[in-house]
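Novice: predicted structure and sequence below. I'll ask about it afterward.
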Amino acid sequence: MESISKVLATSFGGYSLEHILSAVITLLVCLLAVRLIMRAVEKLMGRIKQPNERLSRITVNFIKALLYLLTVIITAGALGLNTSSITAIASVLTLGLTLATQDIMSNVAGGLVILSTHPFSIGDVIESDGTVGTVRDISLNHTRIETADGQIILLPNRSLSGSKIINYTTLGRRRIVLTIGASYDAPTEAVKSACLDAVSSTGGILDEPAPDVLLTAYGDSAIEYTVRCWASVADYWDARNHLNEALRESFAKHGVEIPYNHLNVHILDRA
């Protein structure tokens, strides 16, 4: 017994064999515990209905990193190290890293909010801060949007998660609103009939909700009419542009004048 005590008391680099054996056993137990906990976490994430693959992966990696950090601290304590100093150093490093990556962390937090709340998904047509386009990718830092004219715009998740988002894909349809001016001489019903004929001749416009035409304003030289109708999200831009063309042709067919500004020049003969 005395010889065993002497062996355990033997110093290796300033650490006794007893502390080294305790640290090794503690490390093995912690690693085993980490493996068991991670299996339970992965099973739990797999039972979630409609899981988000990206969010699940981030959650699992975060929990794993936290468990490994706790393993290091516990093992260091078993080895006889002052874990309070390790914790303090880790806190300082964490603070410095947080300050240096403040914008990145804000975007990551915004990305987690987007991935967890699902305000939109890849393929949805959305509008935020005047930007309208189709969502092509959602990362932790940015959301990539493709606009109707083929431009790729990266929106920071920090601003996107805190701003108003319009998701046009949610209802599966999008409303077309066009304003056109007609002469004061044209009867109101004739103008409305011309507008509705243009709508009926345009492909891609839905029958329900029913299109309507409203007299919305009296201008200096024209009465303003607003045409409202609906199209599917995929057909929106084609239907809107074709309706613009159809309105001009329909007004000409119904004899409705579209006023425009005139410049009258009077030449006076003072001779």
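Specialist: Perfect, I can see it now. Keep in mind it's a predicted model, so treat the numbers as computed, not measured.

Novice: assign residue 229 to helix, strand or coil.
Specialist: Classification of residue 229 using DSSP: H, G, I helix; E, B strand; the rest coil returns strand.

Novice: adjust the sequence numbering to begin at 35 for everything that follows.
Specialist: Yes, from this point I'll number from 35; that puts the last item at residue 263.

Novice: so it touches residue 240, yeah?
Specialist: Yes. Between residue 263 and residue 240 there is a contact at 7.3 Å, judged by Cβ atoms under 8 Å. In short, each C-beta sits where N, CA and C put it, glycine included.

Novice: who has more neighbours out of these two?
Specialist: The residue with more neighbours, out of residue 263 and residue 240, is residue 263; 26 against 18, by other Cβ atoms under 10 Å.

Novice: helices or strands next to whatever helix or strand residue 283 lives in in the packing?
Specialist: According to DSSP states H and E, residue 283 maps onto helix 270-287. When contacts are defined as 3 or more Cβ pairs under 8 Å, 6 or more residues apart in numbering; DSSP states H and E, helix 270-287 sits against strand 207-216, helix 222-234, strand 257-266.

Novice: could you dump the ones you listed to TSV with mean pLDDT and distance to residue 64?
Specialist: What follows is the helices and strands packed on helix 270-287, written out as TSV (pLDDT from 0 to 100; distance: least, Cβ to Cβ, whole Å):
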stretch	mean pLDDT	distance to residue 64
strand 207-216	92	55
helix 222-234	94	70
strand 257-266	94	56
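
Novice: would you format the ones you listed as CSV with distance to residue 154 included?
Specialist: Formatted as CSV, the helices and strands packed on helix 270-287 follow (distance: least, Cβ to Cβ, whole Å):
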stretch, distance to residue 154
strand 207-216, 14
helix 222-234, 29
strand 257-266, 17
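
Novice: and the lengthiest helix in the chain, what does it pack onto?
Specialist: Ranked by residue count, the top helix of the chain under DSSP state H comes out as helix 51-81. Judged by 3+ Cβ pairs under 8 Å, 6+ apart, the packing partners of helix 51-81 are helix 36-42, helix 87-112.

Novice: and the last one, what does it pack against?
Specialist: When contacts are defined as 3+ Cβ pairs under 8 Å, 6+ apart, helix 87-112 sits against helix 51-81, helix 117-134, helix 136-151.

Novice: compare those helices and say which comes out lowest on pLDDT.
Specialist: Ranked by mean pLDDT, the helices and strands packed on helix 87-112 bottom out at helix 117-134, with a mean of 64.

Novice: secondary structure class for residue 155?
Specialist: Assignment for residue 155 (three-state DSSP): coil.

Novice: which phi and psi does it have?
Specialist: phi -130, psi 170 (degrees, to the nearest 10).

Novice: mind checking the SS state of the closest residue to it other than its chain neighbours?
Specialist: Distances taken as Cβ to Cβ, 6 or more residues apart in numbering put residue 169 closest to residue 155, at 7.0 Å, once the chain neighbours are dropped. Following three-state DSSP, residue 169 is assigned to strand.

Novice: next: residue 184.
Specialist: Here residue 184 is recorded as coil under three-state DSSP.
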